[in-house]
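Enquirer: Take this sequence and fold it.
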Amino acid sequence: MKRLVLCLLGFGVIASVTFAGETYSGKEMKQVAAPPPCPEWYADNEFNASLWGTYIFTANNWQDDRYFLADHAWGGGVDFKYFFHRYFGVGIEGWIANARQARENIFVDLSDGIFQRSFDNKNRGIGAVLGTFTFRFPIHCSRFSPYIWGGGGGIFGGGQRPVNQWFRENGGFPVTGPGGLISNGGEGFDILKTVGHTESQSEGIGQVGGGLEVRLTPHIGWVSDFSWNFINGPVNNFGMARTGVNFAF
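Expert: Next up is the predicted model:
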């Protein structure tokens, strides 16, 4: 019995030594876990809804601007876009701003050589609705996406003009001017003065701009951008800076 136990122990020792000395060739493949894919913050097909505040400044001084009749205005707006194939989006944008207009009033008395010019202020809501086309470029594996866009539509609420009329110095019926100064009112009419202002005018508007979005989550981002806007004539153009929150679905 003792011999049998000793034989089994000896066999176990030999087997242990044999397995302990076993080696593996360098050709054997070692399996390594693949790193997880980086997060994507922008989807290939995505609907965006943005809510933002805006600051507007006119290209000309308030005395020369012919639509806002002001140096600047504050407001807010919304836009909706659908992005297809990740990079391109079509949408609609609407905004409204409060402009403190400086409206011109004149009084001219040709017989006495008097020329007076004054301005009165009035707050006025000016807004626009535009269709837009946007190209964005999400940076791979990052939260950032620069973008550029262009659009066109209509603007309303501004463009008031003074209504000037000629009067006789000793009374008589007035002669209405077409807005703005007229060189002369005819024989006997030597007083020109502003009697009111026209209603607001609706005009076409074009827009180009660029900005940056930063995604806080895959469905919420912060947008900041700047655009230049063109309204029927060089003395009406204005810049618009915007910032706000974007929701992606």
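
Enquirer: remind me which residues of this protein are low pLDDT?
Expert: Residues of the chain meeting the criterion pLDDT under 70: 1-32, 169-189.

Enquirer: got the residue ranges for the helices in it?
Expert: Per DSSP state H, the chain has helices spanning 2-20. These are given in chain order.

Enquirer: surely D225 meets Q207?
Expert: No - look at D225 against Q207 with CB atoms under 8 Å: they stay out of range, at 10.9 Å. From N, CA and C alone the C-beta is placed, and that goes for glycine too.

Enquirer: hang on, W52 packs against V223?
Expert: Yes - if you go by CB under 8 Å, W52 and V223 touch, sitting 6.7 Å apart.

Enquirer: Common neighbours of the two, please.
Expert: When contacts are counted by CB atoms under 8 Å, 6 or more residues apart in numbering, the set common to W52 and V223 consists of 242-245.

Enquirer: Now, those residues that are in strands?
Expert: Within the shared contacts of W52 and V223, membership in strands is found for 242-245, as judged by DSSP state E.

Enquirer: which of the residues you listed lies closest to E203?
Expert: For those, the closest approach to E203 (CB to CB) belongs to R242, at 20.7 Å.

Enquirer: Please compute how far stretch 64-80 lies from its chain's middle.
Expert: The offset between the C-alpha centroid of stretch 64-80 and the centroid of the whole chain comes to 12 Å, using CA atoms, centre = their mean, to the nearest Å.

Enquirer: For it, measure first residue to last.
Expert: According to CA to CA, to the nearest Å, stretch 64-80 extends 34 Å from its N-terminal end residue to its C-terminal end residue.

Enquirer: So which bits of it are buried?
Expert: Buried residues in stretch 64-80, defined by neighbour count with 16 or more other CB atoms under 10 Å: 65-71, 73, 75, 77, 79.

Enquirer: likewise stretch 40-57?
Expert: Buried residues in stretch 40-57, defined by neighbour count with 16+ other CB under 10 Å: 41-42, 46, 48, 50, 52, 54, 56.

Enquirer: hmm, back to that, neighbour-wise, which one of the shared contacts of W52 and V223 leads?
Expert: Ranked by neighbour count (other CB atoms under 10 Å), those have R242 at the top, with 23 neighbours.

Enquirer: Help me confirm that that one comes into contact with W74.
Expert: No - the criterion here is CB under 8 Å, and R242 misses it with W74 at 11.4 Å.

Enquirer: Need the overlap of contacts for these two.
Expert: Applying CB under 8 Å, 6+ apart, one finds that R242 and W74 are jointly contacted by 53-54.

Enquirer: so what's V129 up against?
Expert: If a contact means CB under 8 Å, 6+ apart, then V129 has 92-94, 153-154 as its contacts.

Enquirer: Make TSV from the residues you listed and add distance to V235 and neighbour count to it.
Expert: Putting the contacts of V129 into TSV (distance: CB to CB, whole Å; neighbours: other CB atoms under 10 Å) gives the following:
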residue	distance to V235	neighbour count
I92	28	14
E93	24	23
G94	25	13
G153	20	16
G154	19	13
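
Enquirer: Just give me the closest of these to Q201.
Expert: Distance ranking of those against Q201, using CB to CB, places G154 first at 10.8 Å.

Enquirer: That closest one touches I205, doesn't it?
Expert: Yes - between G154 and I205 there is a contact at 6.4 Å, judged by CB under 8 Å.

Enquirer: where do the contact lists of those two overlap?
Expert: Overlap between the neighbourhoods of G154 and I205 consists of 128, 130, taking contacts as CB under 8 Å, 6+ apart.
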